[in-house]
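Undergrad: structure, please.
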Amino acid sequence: MEIREAKDSDINEVLSVEKLAFGYDKEAKLVSDLLGDESAKPTLSLLAFDGDKAIGHILFTKVILSGKNDTPMSILAPLAVLPENQKQGVGGKLIEKGLEILKESGVDLVFVLGHPEYYPKFGFNPAGELGFEAPYHIPPECAEAWMVQELRPGVIGSVKGKVQCSDELNKPEHWRE
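TA: Alright, predicted model coming up:
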């Protein structure tokens, strides 16, 4: 398996992976919208390939804390792996590679709203109890799904607040079940 940054010429593969992984167009449209959203930049879009076939995609976009723009932060959304390639480590490799690139580029924190049984394996911890409020209310029974990972030691505890995503991801429909 090869993982590399997606190029503009890869857009059809990116959107195809998103559609096939989720079984509908919502995430593909979100990815397309995010890639065109200036407030989401800088973005990191990675594709996983098996030979010449795209089998997975992950997207990280810029976020800020309300009133603070000086801490470099990103959010992981979405992560997609073709159904026939799931449970083979593709998603994990995409997460690890993305976090490595983000750390090297100076990003301090990465957020995700996802499965609380999956993302902690990759270093994510509940964000609410660490002082980071999601863009929209997360019900208490789902609080563990809102997570953060510190890429630079000492950042958690020195900053806190409400996370503000890009214009496209900050829409309420992306924060409801």
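Undergrad: please name the nearest non-neighbouring residue to A127.
TA: In space, and not counting its chain neighbours, A127 is closest to V148: 3.9 Å by C-beta to C-beta, 6 or more residues apart in numbering. Quick note: C-beta positions are derived from backbone N, CA and C, even for glycine.
Undergrad: host element of the one you found?
TA: Using DSSP states H and E, V148 sits within strand 146-150.
Undergrad: and after that strand, which helix or strand comes next?
TA: Using DSSP H and E, the helix or strand that follows strand 146-150 in sequence is strand 161-164.
Undergrad: quick one: average confidence on that next one?
TA: Here strand 161-164 scores 95 as its mean pLDDT.
Undergrad: mind exporting that strand as PDB, just the C-alpha atoms?
TA: Extracted in PDB, the C-alpha atoms of strand 161-164 (Å, rounded to 0.1, in the frame of the first residue of the first chain):
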ATOM      1  CA  GLY A 161     -12.100  27.100  24.200                       C
ATOM      2  CA  LYS A 162     -14.700  26.500  21.500                       C
ATOM      3  CA  VAL A 163     -13.400  25.000  18.200                       C
ATOM      4  CA  GLN A 164     -14.400  26.900  15.100                       C
END
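Undergrad: what pairs with that strand, and is each one parallel or antiparallel?
TA: The strands beside strand 161-164 in its sheet (DSSP bridges) come out as strand 53-65 (antiparallel), strand 132-133 (parallel).
Undergrad: so how far is V112 from the residue nearest to A127?
TA: To V112, V148 is 8 Å away according to C-beta to C-beta, to the nearest Å.
Undergrad: anything in contact with each of those two?
TA: Here V148 and V112 have F124 as joint contacts, going by C-beta atoms under 8 Å, 6 or more residues apart in numbering.
Undergrad: who does the residue most central in space within the chain form a beta bridge with?
TA: Compute the mean C-alpha point of the chain, and by C-alpha atoms, centre = their mean the closest residue is L76, 0.8 Å away. Note on L76: beta-bridge partners by DSSP bridges are F60, V112.
Undergrad: hmm, V110 and it touching each other?
TA: Yes. The pair L76 / V110 is scored as a contact, 6.1 Å apart, by C-beta atoms under 8 Å.
Undergrad: tell me, what's touching those two both at once?
TA: With C-beta under 8 Å, 6+ apart as the test, L76 and V110 both reach F60.
Undergrad: following the worst-scoring helix or strand of the chain on mean pLDDT, which helix or strand shows up next?
TA: Lowest mean confidence among the helices and strands of the chain (mean pLDDT, DSSP states H and E): strand 68-81, at a mean of 92. Next in sequence after strand 68-81, counting helices and strands by DSSP H and E, comes helix 90-104.
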